[in-house]
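Q: Mind looking at a prediction? Sequence and model below.
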Amino acid sequence: MKSPLVRPIAALWLLCSLFLQYSHADILSFSVADASTGSSVFTNSAIVNVTLVVEGQFTGYFLSESGPAPAAGDPRWASVAPTTYTITGAQGYVDITAYVIDPAGNVSEAMASIYFSTSVPVASSISVANNGDGTATVTWLTDIPALGVVVSTSQSGIVQIAQESGIGTSHSVMLADVDLSQSYLIAVVSNEIPSQPFYWPREPLRPPQRLIDQCPQFWCRISVITLIGIRNRLGQEGSEAFCFDVNEDGKVNVLDLIVARNMLGTRWCDPQ
């Protein structure tokens, strides 16, 4: 037969266990990120966003780049969980430590790192290599450590953004679902500074920018075509003729090219 003290002791043990479990504050996760991009790798702002998840009871929070945690009762302990932090140290890799303190004075801590720089990197030696498996690798160099991102827009309007996982001066980013029948407008971005965009693997054929509703009601003879490098065959049977339009920049777009069996023939162009 169990002693009548067993149940009260068991209950007391359970209460003590619960008290110990919930009176001690533990940090489940801690991270800092750039306020505008959300990147946890790089920021060009001294003010970063803070995400701090704590389990248990706690009475104070403290963030520091140098530590250690303040003593219990120190006024530097904040009673409200921080949502931002201002970096005060030198630029480069910054280690930020989060501390929480429970009612008993126990302190838990966790650290997060981010690369902080306001310098403008210069990108060079940009190249794109087709990997032959539906992917392409974009590589480039920067004169200072940077986080590399590639923004690619296909002819069909699909935008792809790929990012490196770390900081460096030699960058390599892979693009997926590459269709070599299309042209891609690519820009490399180093520490949020974009390069001059370029086309790869070729510049797309540009559609004509029409200034009139339809082509003129005649065919221009081949002597005009010589302006765009087509041999003048005027006067030869079967000479080539074309319908044309003019861009806003004054350049001629050839909209149609035929072999005119009758040099005096006329027709309407189909609107493009």
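A: Ah, there it is. Numbering: from 1, shown residues only.

Q: Quick one: end-to-end distance for stretch 65-76.
A: In stretch 65-76, first residue to last residue: 14 Å (C-alpha to C-alpha, to the nearest Å).

Q: and for that stretch, what are the contacting residues?
A: 62, 77, 87-89, 94-97, 99, 101, 105, 107, 109 (C-beta atoms under 8 Å, 6 or more residues apart in numbering). In short, each C-beta sits where N, CA and C put it, glycine included.

Q: Now with 6 Å, please.
A: Contacts with stretch 65-76, where a contact means C-beta atoms under 6 Å, 6 or more residues apart in numbering, come from 62, 77, 89, 96-97, 99, 105, 107.

Q: Among those residues, which lie within strands?
A: The strands, defined by DSSP state E, take in 62, 96-97, 99, 107 from these.

Q: Against residue 145, how distant is residue 169?
A: Distance, residue 169 to residue 145, using C-beta to C-beta, to the nearest Å: 6 Å.

Q: which of those two has more neighbours?
A: residue 145 (18 against 14; other C-beta atoms under 10 Å).

Q: quick one: contacts for the more buried one?
A: The contact partners of residue 145, by C-beta under 6 Å, 6+ apart, come to 167, 169.

Q: any idea how far it lies from residue 30?
A: 24 Å.

Q: Quick check: phi and psi at residue 117.
A: Dihedral pair for residue 117: phi -160, psi 140, per degrees, to the nearest 10.

Q: In space, what's closest to it - neighbours in sequence excluded?
A: residue 91 (5.1 Å; C-beta to C-beta, 6 or more residues apart in numbering).

Q: I figured that neighbour hits residue 114, correct?
A: No - using C-beta atoms under 6 Å, residue 91 is not in contact with residue 114, being 11.1 Å away.

Q: Which one's more surrounded, these two?
A: Between residue 91 and residue 114, residue 114 has the larger neighbour count (other C-beta under 10 Å), namely 21 against 13.

Q: Need the pLDDT of residue 136.
A: With respect to pLDDT, residue 136 scores 98.

Q: Quick one: residues contacting it.
A: By C-beta under 6 Å, 6+ apart, the contact list for residue 136 reads 128, 130, 175, 178.

Q: buried sites along the strand or helix carrying residue 168?
A: Per DSSP states H and E, residue 168 falls inside strand 159-175. Neighbour-count burial for strand 159-175 flags 164, 167, 171, 173, 175 (criterion: 16 or more other C-beta atoms under 10 Å).

Q: Against which helices or strands is that strand packed?
A: strand 136-154 (3 or more C-beta pairs under 6 Å, 6 or more residues apart in numbering; DSSP states H and E).

Q: Mind listing what's buried along the strand it packs on?
A: Along strand 136-154, these residues count as buried under the neighbour rule (16+ other C-beta under 10 Å): 136, 138-142, 145-154.

Q: Where do the domain boundaries of this structure fall?
A: Annotated domains of the chain cover 6-116, 123-200, 206-272 [automatic domain parsing].

Q: What mean pLDDT does the first one get?
A: Which is domain 6-116. The average pLDDT for domain 6-116 rounds to 87.

Q: Any idea how many residues pack against residue 184?
A: Residues contacting residue 184 under the criterion other C-beta under 10 Å number 23.
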